[in-house]
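Trainee: my questions are about this predicted structure, shown below with the sequence.
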Protein chains: 2
Amino acid sequence: MAKAPVLTPRADDFPRWYQDLITKAELADNGPVRGSMVIRPYGYGLWERMQAEMDARIKETGTENAYFPLLIPQSYLTREADHVEGFAPELAVVTHGGGKELEEPAVVRPTSEMIVNDYFAKWVQSYRDLPLLINQWANVVRWELRPRLFLRTSEFLWQEGHTAHATAAEARDFAAHIHRRVYEDFMVNVLAMDVVPGRKTAKERFAGAVNTLTLEGMMGDGKALQMATSHELGQNFARAFNTSYLSREGRQELVWQTSWGSTTRMIGALVMMHGDDDGLRVPPRLAQIQAVVLAVKDDERVLAKVREIGARLREAGVRVRVDDRVDVPFGRRAVDWELKGVPVRVEVGPRDLENGTATLVRRIAGGKAPVALDAVAAVVPAVLEEDQALLLAQSRERRLARTAEVATVAEAVEAATTGAGWARIPWEVLGAEGEAALAEHAVTVRCLVAADGSVPDDEDAPGNVAVVARAY
Amino acid sequence: MAKAPVLTPRADDFPRWYQDLITKAELADNGPVRGSMVIRPYGYGLWERMQAEMDARIKETGTENAYFPLLIPQSYLTREADHVEGFAPELAVVTHGGGKELEEPAVVRPTSEMIVNDYFAKWVQSYRDLPLLINQWANVVRWELRPRLFLRTSEFLWQEGHTAHATAAEARDFAAHIHRRVYEDFMVNVLAMDVVPGRKTAKERFAGAVNTLTLEGMMGDGKALQMATSHELGQNFARAFNTSYLSREGRQELVWQTSWGSTTRMIGALVMMHGDDDGLRVPPRLAQIQAVVLAVKDDERVLAKVREIGARLREAGVRVRVDDRVDVPFGRRAVDWELKGVPVRVEVGPRDLENGTATLVRRIAGGKAPVALDAVAAVVPAVLEEDQALLLAQSRERRLARTAEVATVAEAVEAATTGAGWARIPWEVLGAEGEAALAEHAVTVRCLVAADGSVPDDEDAPGNVAVVARAY
């Protein structure tokens, strides 16, 4: 008799599988206010590791962390016209504070460009104060009509970078550096995610930006997810807030700005890109628990051995958890670690001890095999490296297999809908008109890429290819 | 001619000095919404180091981080009677979301006991799920009528721990462990702060707690500041939310809980405890910049040398910054690092090079002296250790010198007001009546301590001493 599946299989109902996995792997629960979310310790542990890896990369660029207020006077929002139009429908508004109605309502930040510029305008005086490179880790609120855990929640956690530069070229280079050297590097090398770097079309740009750079990932069902974005803001906010500086030549000049963000949505991407019918598969470099050592039975020698193996793995630099909860049935614990996607399980029972081995179970490559007890501490790190690479290769293979090269709008729609994948179509063929036609089928241009795979400097450069798909 | 002071001297106007220092050392600015605050990179760097040190200590207790929503349905607040009474006057209320009036308004969390219990009630089923040990790093909002940067702001950053246990004794022990082994250990050994651990009187307890443990510090002006608190909640929230578990014996039992918090207020405490008329003095173990190496002049050999010294100090494990901004006058940079309280400055000019030395300036112990260039990397770590201990000793000396042993309420009031210090008075003499009399002079019981200096298990244990003071 086949064992009953723990999760709804992906092929049956992908959204249901996603929701099941998040609940059963104890990543998150729905919150009581519509669209809100409780991130449980195992889910938050993924975020903490993401934060640590991202924060180090952000700091390497010379950017420093700071913290701006949650509540923003409503009037600030109206200063940059495109920006307010983009965010007005999503705002949460505080009308009462300390038992009284407020003279001016405050909005809960949906993003911080407005308030950041208010202070940049005070802090920046001369060219010596530039570049000004600031990041913050914070919560933001954007009211969601169709919430989905991690992907679209009314409150989410993120980092938002905000920078001011003396020249347009410097701002452009900085936005590109964050796009490729921070975000893409993190996603490829830590999250083991194949992502496509590109630029957004004018229609898909961030409200208030002159250019939006994006990284798009293909999920397990062939849909796309925008993973992170980096924006050139030009002088739009600088003009609205008069953020200016005295140049070396003694002239008062407006600054050029960037902003860039990545969110807890990356946890949703992790699930949808690497998850399988048995649960999550966490890339070893991200995993807070890279290996779990399980006592199969309540036996003194077994318990002593799992603790010893745990200590040896820790010495070998592996992030390890010893599971000696022998009052919980072994099968239940094994399924739980499988759901949680811990890359390696080292299982030790009385029979293993007799053979001088442990059983090594690989969550990512699959399969189980005996390993000599003395070899465990050497084998596990090698397996972790191998499986990190395997995850990346699998996500790349999926994208290549499910991306069609097409020549017409109709073919693009078909590839993205009935074909459940991505399509690549020359931007010269598609254009803004074709983009509007795609929208009728809920298909969007995820990004434009240059003919050589690089990120185009210009939307209309010859040879640009539009990557189109349905998206989360 | 004496140089003009950079800050208002403490003796002239302590609150003004505090405000001056925070602005000039670039720790924080006032935000646009009343009582809000922008934490600038140098101030936020202090918080990041506090977070790292605290987080490690919290995790050592087996506590895991999680994240609960910012917005809480208003109805939740009313479930625990004392709790709602304590927080109702301070709430910020969201009445509109996504362009519509909400059916039920949401409050911005002033603390998370309510929402945490809602989930604890779901997650805890059996004794196997206990203890449940959760912490979150988050922002909270409590509307402030008399805001002051870091000390009382309408929004502040903090960690809040929430735990559930099977027995009253286990919860009591855990609250005590956090109080002494996490909070006190961090304050004494990292912040170099002399603090007095004690228990709050019934009047000063957290709204909804059965016991509140506190750490009180004496600021530079002799007033007290509550540095962090750890609460036993008994079964008050468990009853309100029916947070119960199936015991080993098969009975359904309510859990016993704790909560505990520490906030960005600790940055204010750092300023007021260690600051002097020249600025902040950051304890070396906390400092994100422990030593700054300054190029005195724009000279190639000088610039090469400061970079070399920087590299050597980094190798020696010192968190170092090289200040080679020779287009800013040296004097201005030196004053700036003094304001920011970087523990050690290593200054290098052409004359130093001729002598084969650098000038070592100690911000904490005071004084400057030449050090052979080859010795810098060995001397600095030793100086940092010495000055960490010195700061702690100075704060302890101040408290001892400015604490009076008194026998009457009148003497206690005098010590705390005209004497500008603390008083210790037997609790049997003071009592709840004397506590009410003190309040007329804005003097409060900061905590009760046992005769032997330990934390009393019982408010009315014989020999208890009340520590009374004016407080921030």
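Mentor: Sure, I can see it. Residues are numbered from 1 along each chain as shown, chains lettered A, B, ... in the order given.
Trainee: CA atoms for contacts and neighbours, from now on please.
Mentor: Noted.
Trainee: which residues are in contact with residue A:403?
Mentor: A:415, A:421, A:422, A:423, A:424 (Cα atoms under 8 Å, 6 or more residues apart in numbering or on different chains).
Trainee: could you do residue A:171 as well?
Mentor: Taking Cα under 8 Å, 6+ apart, we find residue A:171 in contact with A:163, A:164, A:165, A:232, A:234, A:256, A:257, A:258.
Trainee: of the contacts of residue A:403 - the most surrounded one?
Mentor: Comparing the contacts of residue A:403 by number of neighbours (other Cα atoms under 10 Å in any protein chain shown), residue A:422 comes first, having 32 neighbours.
Trainee: for that residue, which residues count as its bridge partners?
Mentor: Counting by DSSP bridges, residue A:422 is bridged to residue A:403.
Trainee: wasn't residue A:179 part of a strand?
Mentor: No - Residue A:179 is assigned helix when assessed by DSSP: H, G, I helix; E, B strand; the rest coil, not a strand.
Trainee: just want the most central residue of chain A.
Mentor: Nearest residue to the geometric centre of chain A (Cα atoms, centre = their mean): residue A:266, 2.2 Å.
Trainee: what about it, is that helix, strand or coil?
Mentor: helix.
Trainee: is it true that it touches residue A:227?
Mentor: Yes - using Cα atoms under 8 Å as the test, residue A:266 is close enough to residue A:227 to be in contact (6.4 Å).
Trainee: are we agreed that residue A:331 is in a helix?
Mentor: Yes - if the criterion is three-state DSSP, then residue A:331 is within a helix.
Trainee: against chain B, how distant is it?
Mentor: Separation of residue A:331 from chain B (Cα to the nearest Cα, to the nearest Å) stands at 17 Å.
Trainee: contacting residues for residue A:249?
Mentor: If you count contacts by Cα under 8 Å, 6+ apart, residue A:249 has none.
Trainee: same question, the one 4 residues further on
Mentor: Residue A:253 makes contact with A:244, A:245, A:246, A:247 under the criterion Cα under 8 Å, 6+ apart.
Trainee: what does residue A:155 give?
Mentor: A:35, A:36, A:37, A:139, A:140, A:141, A:142, A:143, B:69, B:70.
Trainee: swap the cut-off to 7 Å and go again
Mentor: A:36, A:139, A:140, A:141, A:142 (Cα atoms under 7 Å, 6 or more residues apart in numbering or on different chains).
Trainee: low-confidence ranges, chain A, go.
Mentor: A:1-3 (pLDDT under 70).
Trainee: among the contacts of residue A:253, who's most crowded?
Mentor: Highest neighbour count within the contacts of residue A:253, by other Cα under 10 Å: residue A:244, with 25 neighbours.
Trainee: backbone phi and psi for it, please?
Mentor: Dihedral pair for residue A:244: phi -130, psi 170, per degrees, to the nearest 10.
Trainee: wait, it sits on residue A:254?
Mentor: Yes - contact status for residue A:244 versus residue A:254: in contact at 4.1 Å, counting by Cα atoms under 7 Å.
Trainee: can you report how many residues neighbour residue A:260?
Mentor: Neighbours around residue A:260, by other Cα under 10 Å: 22.
Trainee: nope, residue A:190 is what I was after
Mentor: Residues near residue A:190, counting by other Cα under 10 Å: 20.
Trainee: cool, residue A:397 as well?
Mentor: By other Cα under 10 Å, 12 other residues sit near residue A:397.
Trainee: equivalent analysis for residue A:12, please.
Mentor: When neighbours are counted by other Cα under 10 Å, residue A:12 registers 9.
Trainee: same question for the one 3 residues further on.
Mentor: For residue A:15, the neighbour count with other Cα under 10 Å is 14.
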